[in-house]
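Visitor: One predicted model, sequence on top.
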Amino acid sequence: MTATYEVRGSVAVITLDNPPVNGLGHATRKAAAEGVERAENDAAVKAIVITGAGKAFSGGADIKEFGSPKALAEPSLHSLIAVVENCSKPVVAAIHTVCMGGGLELALGCHYRVVSPGAKIALPEVKLGLLPGAGGTQRLPRALGVEPALNMIVSGEPVNSELLAQIPGQKLFDRVVEGDLMAGALALAAEVADKRPLPKVRDLKARHPENQAFFQFARNTVGAMSKNFPAPLRCLEAVAAAVNMKFEDGMKAEREGFLALMMTPESKALRHAFFAERAASKIGDVPEGTPTRSIAKVAVIGAGTMGGGISMNFLNAGIPVTMLETKQEALDRGVATIRKNYEAQVKKGKLKEDKYAARMALLTTTLNYADIGDADLVIEAVFEELGVKEAVFKQLDAVMKPGAILASNTSTLDVNKIANFTQRPQDVVGMHFFSPANVMRLLEVVRGAATAKDVLATVMQLAKKIKKTAVVSGVCDGFIGNRMIEQYSRQAGFLLDEGCTPAQVDKAAEKFGFAMGPFRMGDLAGNDIGWAIRKRRYQEKPNLRYSASADRLCELGRYGQKTGAGWYDYVPGKRDAIPSPVVVEMLEKHRAALGITPRQISDEEIVQRLVFALVNEAAHLLEEGIAQRASDVDMVYLTGYGFPLWRGGPMCYADTVGLFNVVQAMKRFAKNPLDDGKFWQPAPLLARLVEQGKGFNE
C-alpha cells in the first residue's frame, strides 16, 4: 500500500506511505484519490485529514517515475488535487518535516492546512530547470502573498514553516501545532466539519499594491542573476499570471510554461545532473546493503593546504581528527590555516562562535605515528612522489589497527603500487580530494585491484556524511578528471602555437560557461605542477606531443599567481589576470622558431577543441572500465572542474550537440598538421555509438 485509510470517529485519515519521502508516484496518487472518494461516500465521515507517514508529508513527484509513462498516468497530480479541492467534505492537510514540490501543491489544494514547526516548505522545481506544474505558481501567491511566494518559487530554497506562518495576512497555514500534529489536525477537522462554503485557495485574490513596477523590478533582478537559466524568468511570468489573470487562465499559462521548459537543453542538463548525482553513489558489483565499517576517528597525514582542507571536512561533520606532521612548525602552520578559514566564516556570519569552538575541539595534532594507531580511517596527503608515499604507507601498515581504512589523496599515482607497499592491500583506497578540499564538492574514490567491497561502501557512505559528491574511478594515470584535463590542456597549448593568445582561449572557454579558462586555471594551480608532470611524461610517453610554450613559460620562472607572474601578470594582493607583453613576445619567438605562421582562430573552434578533447578521452575511459558510466564523468566535471551546470557536463553536452556532429568536427581537427591527428581518431565507444545513432547517456 502506498497510502493507508482509516476512520477515527467522524474523520477519515489518509496517510501517504511511499518511503523515503512519500513521493507522489502513480500508485500513491491513485490510493489517495480512492481514499477521498471512499470518505465522500461514507455518510458517517464528516471530514478528511491527509498526512504523510515517516519523515515527510510529501517530497513531491516520485523521481523513480521521471520521464516514464507512469509520471503522466491518471490520476495525474492535477487530477488528484481536483478530487481534493472539489470534495464536498472539508479536507485538512497535516503537514510535517518535509513538504515540497507536488507535496506542497497537494496541500494547497486542501481546504485547511495545519503544520508542525520546523517543517521544510519549498517549491524546488526551478533547480531542475522547471516551474511548479500542478498549480504551485497560481495557488502559493494567493495563499502566502505575491512577494514571499515569488521568492520561494524563483529560488527553490526551503523555508521553515514557522517563518512562513508569521507573514502578515498569510492563508497558507490555519494553525501551527506545537504538540501532537494529528491531534491538532483532528481537532480542526471536527471544528470545521459543518462549515460551508468550503474555503478554496483558488478563490483568494493574488494582489500586489505596486503590481506593474514590482514585476518589472523583479524581471531585471531575476534576469541578471539567472542569465544562463531560462526557468527563473518563466517562474516569474507564471506568478505574474496569478496576479493578472483569472485562476483558470493562470493555470493554462503555468502549463504552457512548464511544457516549454521541459524541452529546453538547460532543463534536460539540470535533470541529467540530478539523476547523475544519485547514480554516482551506486557501484555495479557492490550491492546496496553491503555492510560498512564504523568511522568514528580519522587521522590525516600532512598538515599542508590539502591536509588541512581534508581535516576540515571531517571536523564539520563532527568526526574527531588527528593531524600528523614531521615538524612542529608545519603542524602549527596547518592549525593556524584551519583557524583562519573558520574565522572567515564566523566573520561572514556563516558559522556561529560555539560551532567554531566545537569543531576546533575535535582536532588534535601529533608528530608520532604511534598516536594514530586507533583511527578507523587514515588519509595520506603528502608530497605527490611515489617514494614519499611508500615511506608513509609502510609506517601506516606497521601502526594502524586491523580493519582500518588506509586512503591516499594522490591525484595521479598508481593506487595499486601504493596498496602493495602494505600487507593489507584490501584496506587501501584512493580518496582524491580537490583543492580547496574544504570547499570543492568532488571526491574521486579510486578503486584498487584489491580494494575490498566494504571499504568502497564505507567510503561512499562517508562521502555523503561530509557532503561530497563521490565518483568511483579505476586505477590509471590521472584517474578520470586529471587524465581528461591533460588532453584539454594539450589542446590549449596547440592553440597558442597556432596563433591564439592565452586571453583569447580563456575568454572563449569562459563565454562557453567554464568558471575559468585553461590558462587562468594554470596560473591559479601553479604552472610548475604541470611542468613536473610533463617532465615525467617525456620519459614515460616520449611519443605524446605537447606545445613547448608552457615549458618556456616555466623556464622564465613564471609559475602563476604565487610568483606574481604566469600566463598573465598579477598585482600583489589582487587576483586580476592582466595580459602580459612578455608572454606575447615569448609566444611570437616560439612560433617563429617552429616556422609557424599564426592564423585567426574562431571561438567556436577553440571551444570545440577543448571540450571534444575531454569527450574523446572520456570515451576511452568508459571503454577501459575506468569510469562506470558517462554520467559519472559529467559529475566529475560539474563538481570538480567548473564545467557549466546548464550544459550538464561534457558527455551530456556531446549528446546535445549530437555525437555524429562531434565526430565530424574531430575529423576536421585530425587533418590539422599542427594538432595531434592520432588523438582525434574517435575512441571505439564513440565510433560505435555514432554507428548506432545513440548518445552516451542512453
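Guide: Received, thanks.
Visitor: Could you use CA atoms for every contact and neighbour count after this?
Guide: Fine.
Visitor: who's in contact with residue 4?
Guide: Shown in contact with residue 4 (Cα atoms under 8 Å, 6 or more residues apart in numbering): 13-17, 31, 35.
Visitor: Save those as JSON lines, and put in secondary structure, pLDDT and neighbour count too.
Guide: Output for the contacts of residue 4, formatted as JSON lines (DSSP: H, G, I helix; E, B strand; the rest coil; pLDDT from 0 to 100; neighbours: other Cα atoms under 10 Å):
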{"residue": "13", "secondary structure": "strand", "pLDDT": "98", "neighbour count": "26"}
{"residue": "14", "secondary structure": "strand", "pLDDT": "98", "neighbour count": "25"}
{"residue": "15", "secondary structure": "strand", "pLDDT": "98", "neighbour count": "24"}
{"residue": "16", "secondary structure": "strand", "pLDDT": "98", "neighbour count": "27"}
{"residue": "17", "secondary structure": "coil", "pLDDT": "97", "neighbour count": "24"}
{"residue": "31", "secondary structure": "helix", "pLDDT": "97", "neighbour count": "22"}
{"residue": "35", "secondary structure": "helix", "pLDDT": "97", "neighbour count": "21"}
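Visitor: Now flag whichever of those residues is closest to residue 667.
Guide: residue 17 (54.4 Å; Cα to Cα).
Visitor: re the thing from before, tabulate the contacts of residue 4 (JSON lines), appending distance to residue 238.
Guide: Supplementary listing: those in JSON lines, determined by distance: Cα to Cα, whole Å:
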{"residue": "13", "distance to residue 238": "33"}
{"residue": "14", "distance to residue 238": "31"}
{"residue": "15", "distance to residue 238": "31"}
{"residue": "16", "distance to residue 238": "29"}
{"residue": "17", "distance to residue 238": "31"}
{"residue": "31", "distance to residue 238": "30"}
{"residue": "35", "distance to residue 238": "31"}
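Visitor: closest to residue 312 among these?
Guide: Nearest to residue 312 among the contacts of residue 4 is residue 17, at 38.1 Å by Cα to Cα.
Visitor: any idea how far residue 92 is from that closest one?
Guide: In this view, residue 17 and residue 92 are 17 Å apart by Cα to Cα, to the nearest Å.
Visitor: in the stretch 451-600 of the chain, which spans are helices?
Guide: With DSSP state H, counting those that start in this stretch, the ranges of helices along the stretch 451-600 of the chain come out as 453-465, 481-498, 502-512, 518-525, 527-540, 549-555, 581-594.
Visitor: Ok, the stretch 301-450 of the chain next?
Guide: Ranges of helices in the stretch 301-450 of the chain, per DSSP H, counting those that start in this stretch, are 305-316, 328-347, 353-361, 386-399, 415-419.
Visitor: The ones you listed: which one's closest to residue 153?
Guide: Residue 153 lies closest to helix 328-347 among the helices of the stretch 301-450 of the chain, at 28.0 Å (Cα to Cα).
Visitor: so for that closest one, what's the average pLDDT?
Guide: What helix 328-347 shows for mean pLDDT is 96.
Visitor: wait, which of the helices of the stretch 301-450 of the chain is closest to residue 593?
Guide: Set against residue 593 and scored by Cα to Cα, these come closest in helix 386-399, at 36.5 Å.
Visitor: List the buried residues for the closest one?
Guide: Across helix 386-399, burial judged by 16 or more other Cα atoms under 10 Å covers 389-390, 392-394, 396-397.
Visitor: same deal with stretch 420-437?
Guide: For stretch 420-437, by 16+ other Cα under 10 Å, it's 420-422, 424-435, 437.
Visitor: got the end-to-end distance for stretch 522-532?
Guide: Using Cα to Cα, the end-to-end distance of stretch 522-532 comes to 13 Å.
Visitor: what sits up against it?
Guide: Outside stretch 522-532, the residues that reach it (Cα under 8 Å, 6+ apart) are 550-551, 554, 558-562, 565-568.
Visitor: 10 Å instead?
Guide: 435, 486, 489, 516, 518-521, 534, 536-537, 550-555, 557-570, 575, 577 (Cα atoms under 10 Å, 6 or more residues apart in numbering).
Visitor: circling back: of the buried residues of helix 386-399, closest to residue 327?
Guide: residue 392 (14.8 Å).
Visitor: give me the element the spatially closest residue to residue 628 that is not a sequence neighbour is part of.
Guide: Counting by Cα to Cα, 6 or more residues apart in numbering, residue 628 lies nearest to residue 622, which is 6.5 Å off, once chain neighbours are set aside. Assessed by DSSP states H and E, residue 622 sits inside helix 603-624.
Visitor: buried set for the helix or strand just after that helix?
Guide: Heading C-terminal from helix 603-624, the first helix or strand you meet, by DSSP H and E, is helix 630-640. With burial defined by 16+ other Cα under 10 Å, the residues of helix 630-640 counted as buried are 630-640.
Visitor: With pLDDT and distance to residue 121 as added columns, please give those in JSON lines.
Guide: Output for these, formatted as JSON lines (pLDDT from 0 to 100; distance: Cα to Cα, whole Å):
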{"residue": "630", "pLDDT": "98", "distance to residue 121": "34"}
{"residue": "631", "pLDDT": "97", "distance to residue 121": "30"}
{"residue": "632", "pLDDT": "98", "distance to residue 121": "31"}
{"residue": "633", "pLDDT": "98", "distance to residue 121": "33"}
{"residue": "634", "pLDDT": "98", "distance to residue 121": "30"}
{"residue": "635", "pLDDT": "98", "distance to residue 121": "28"}
{"residue": "636", "pLDDT": "97", "distance to residue 121": "31"}
{"residue": "637", "pLDDT": "97", "distance to residue 121": "31"}
{"residue": "638", "pLDDT": "97", "distance to residue 121": "27"}
{"residue": "639", "pLDDT": "96", "distance to residue 121": "27"}
{"residue": "640", "pLDDT": "94", "distance to residue 121": "30"}
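Visitor: Relative to residue 504, which of those residues is nearest.
Guide: Closest to residue 504, out of all of those and judged by Cα to Cα, is residue 637, at 22.2 Å.
Visitor: gap between residue 659 and residue 615?
Guide: Distance, residue 659 to residue 615, using Cα to Cα: 10 Å.
Visitor: any residues in contact with both of those two?
Guide: Going by Cα under 10 Å, 6+ apart, residues that sit against residue 659 and also against residue 615 are 651, 653, 686, 696.
Visitor: Now tabulate these in CSV and tack on secondary structure and distance to residue 120.
Guide: Formatted as CSV, the shared contacts of residue 659 and residue 615 follow (DSSP: H, G, I helix; E, B strand; the rest coil; distance: Cα to Cα, whole Å):
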residue, secondary structure, distance to residue 120
651, helix, 34
653, helix, 34
686, helix, 44
696, coil, 36
